[in-house]
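# let me see the structure of the following:
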Amino acid sequence: MTGRMGWFGTYGGQFVPETLIPALDELTRAWADARHDSEFRKTLDDCLHRYVGRPTPLYQARRLGKDMGGVRIWLKREDLNHTGAHKINNTVGQVLLARRMGKTRIIAETGAGQHGVAAATACALFGFECDVYMGEEDMRRQALNVERMRMLGARVLPVSSGSRTLKDATSEAIRDWTASVGGTHYVIGSAVGPAPYPDMVRGLQRVIGNETRTQLRELGVEPAAVFACVGGGSNAIGMFAPFIDDQPLPENPSVPADSSGPGQVRGVSDNRAELVGVEAAGAGLASGQHAASLSLGLPGVLHGSHSYLLQDEDGQVTPAHSVSAGLDYPGVGPEHSWLKESGRVRYESVTDHEAVAAFGDLCRLEGIIPALESAHAAAGLRKEAEKWKNRDVVICLSGRGDKDVEEVRRFERTRGADVQSPDQAS
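Take a look at the predicted model:
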């Protein structure tokens with residue numbers, strides 16, 4: 001974070017109704033106190049270890065690496081967390097914080113359903129009432145997670161407005177919070193929203209990157225690159241956080257200043273791990289049906305913060321599209337916007353077809369059914385695999401793909417003729 005509290009360069013802030021300012025002030029104070037409270041940290045760490053199942057493994061995907069021409073690929077297996085994704089790192093922390101503040105009710109938004117499931121799980125664990133807003137289109141795509149949330153005791157509240165996806169669910173959750181702010185805490189699922197949410201979510205998800213660095217060092221590995229998918233951006237910011245402030249190694253005089261090889265992709269002798277966020281290009285960037293806010297968006301205000309977002313010439317937010325419900329969002333976290341402009345993170349995009357193909361690759365070559373969100377990161381690496389040949393590259397495998405099996409089959413039936421499904425492979 002740079003400059004003023006709650007801002008990342010010119011991005012961030014609190015663009016919310018006055019009703020919510022006292023609640024955000026309370027949350028800011030509570031988070032500042034809790035993050036430095038050894039008892040809170042101990043309770044959170046114990047829960048992450050004994051209940052969530054941390055640390056998650058760092059696994060070398062040798063067959064996938066060979067298939068990509070010799071990249072040494074390391075998968076950070078967030079899919080092996082309890083509930084099947086990285087989302088629970090954040091929900092356990094925020095629900096513990098809500099208990100500390102004396103709240104009695106939790107609300108959440110969800111797209112792919114993994115955050116909703118994680119919120120419902122944390123509420124069941126700590127005894128909170130839980131309401132989850134979910135767009136009707138996402139409820140169709142993620143029917144399994146809808147039932148999981150209900151089984152865990154949460155109410156799933158369908159949202160029929162707009163595109164009936166994550167943006168609209170978030171808008172409804174904010175309306176609810178505005179009307180019930182006294183006893184309710186809103187557990188935002190990504191590194192978006194008004195301050196202090198982006199900083200808080202990054203702090204709770206940083207465990208991903210911290211563990212990864214420790215595990216790599218125990219193996220004697222220095223990664224050339226780290227890839228993660230980016231929708232709102234919570235798994236990516238959690239993975240990238242420990243790497244962001246790394247300083248370049250002293251310049252190697254044997255490397256030309258204009259080198260474009262691995263480790264010098266920005267044209268300087270910068271031996272830090274390159275950080276690559278992969279957005280959803282949907283049906284293609286030129287089609288207008290995508291969710292690539294950082295690639296083609298412009299700065300604006302959405303859901304309480306100033307960040308990059310998809311908008312038309314009149315400044316109206318335009319619909320996002322992705323085969324992945326978790327990336328189907330027209331904005332992105334403000335820190336990612338700052339990281340894009342600072343050049344510390346490079347943001348690319350892959351299409352639905354490329355993501356579904358990568359989904360099949362991980363199934364067929366590694367026996368791992370990944371979330372479609374995570375498959376975008378793997379597809380991003382495949383597009384530039386030649387650059388990373390014989391180098392170590394980490395992918396944040398942010399979640400498992402049980403929830404996506406039917407959507408992948410539907411995609412293959414309707415638009416995926418050139419995508420080989422796992423059971424079609426030899």
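
# show me where this protein has strands.
7-8, 11-12, 58-60, 72-77, 105-110, 129-135, 155-159, 184-187, 225-229, 274-282, 298-302, 305-309, 345-351, 392-397 (DSSP state E).

# any chance of CSV for the ones you listed, columns mean pLDDT, mean neighbour count and distance to residue 290?
(Glycine included, C-beta is placed from N, CA and C.) Output for these, formatted as CSV (pLDDT from 0 to 100; neighbours: other C-beta atoms under 10 Å; distance: least, C-beta to C-beta, whole Å):
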stretch, mean pLDDT, mean neighbour count, distance to residue 290
strand 7-8, 96, 24, 24
strand 11-12, 98, 26, 21
strand 58-60, 98, 16, 30
strand 72-77, 98, 23, 26
strand 105-110, 97, 27, 21
strand 129-135, 97, 25, 18
strand 155-159, 97, 17, 22
strand 184-187, 98, 25, 28
strand 225-229, 98, 28, 14
strand 274-282, 98, 27, 4
strand 298-302, 97, 16, 14
strand 305-309, 98, 27, 13
strand 345-351, 98, 23, 7
strand 392-397, 98, 27, 21
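
# will you turn those strands into TSV that also has distance to residue 204?
Converted to TSV, the strands of the chain look like this (distance: least, C-beta to C-beta, whole Å):
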stretch	distance to residue 204
strand 7-8	17
strand 11-12	17
strand 58-60	20
strand 72-77	16
strand 105-110	14
strand 129-135	18
strand 155-159	23
strand 184-187	10
strand 225-229	16
strand 274-282	19
strand 298-302	22
strand 305-309	17
strand 345-351	20
strand 392-397	15
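
# tell me the spacing between residue 108 and residue 75.
Using C-beta to C-beta, to the nearest Å, we find residue 108 at a distance of 27 Å from residue 75.

# quick one: low-confidence ranges for this protein?
In the prediction, the chain carries residues with pLDDT under 70 at positions 1-3, 249-270, 416-426.

# quickly list the domain ranges of it.
Annotated domains of the chain cover 58-84+205-424, 87-190 [automatic domain parsing].

# neighbours around the closest residue to residue 35 other than its chain neighbours, how many?
Closest residue to residue 35 apart from its sequence neighbours, by C-beta to C-beta, 6 or more residues apart in numbering: residue 203 at 6.1 Å. For residue 203, the neighbour count with other C-beta atoms under 10 Å is 19.

# try residue 314
5.

# helices of the stretch 101-250 of the chain, residue ranges please.
114-126, 136-141, 143-151, 166-179, 197-219, 234-244 (DSSP state H, counting those that start in this stretch).

# mind putting the ones you listed into a markdown table with distance to residue 332?
Putting the helices of the stretch 101-250 of the chain into a markdown table (distance: least, C-beta to C-beta, whole Å) gives the following:
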| stretch | distance to residue 332 |
| --- | --- |
| helix 114-126 | 16 |
| helix 136-141 | 18 |
| helix 143-151 | 23 |
| helix 166-179 | 12 |
| helix 197-219 | 10 |
| helix 234-244 | 9 |
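
# so what's the closest residue to residue 194 other than its chain neighbours up against?
Closest residue to residue 194 apart from its sequence neighbours, by C-beta to C-beta, 6+ apart: residue 304 at 3.4 Å. Residues near residue 304 by C-beta atoms under 8 Å, 6 or more residues apart in numbering: 13-16, 174, 193-194, 197.

# ok, residue 304 to residue 21 distance?
11 Å.

# list the residues that contact both of these two?
residue 14.

# before we move on, back to that, and the residue nearest to residue 35, how far from residue 41?
The value you get for residue 203 to residue 41, if C-beta to C-beta is used, is 11 Å.

# joint contacts of those two?
By C-beta under 8 Å, 6+ apart, the residues touching both residue 203 and residue 41 are residue 35.
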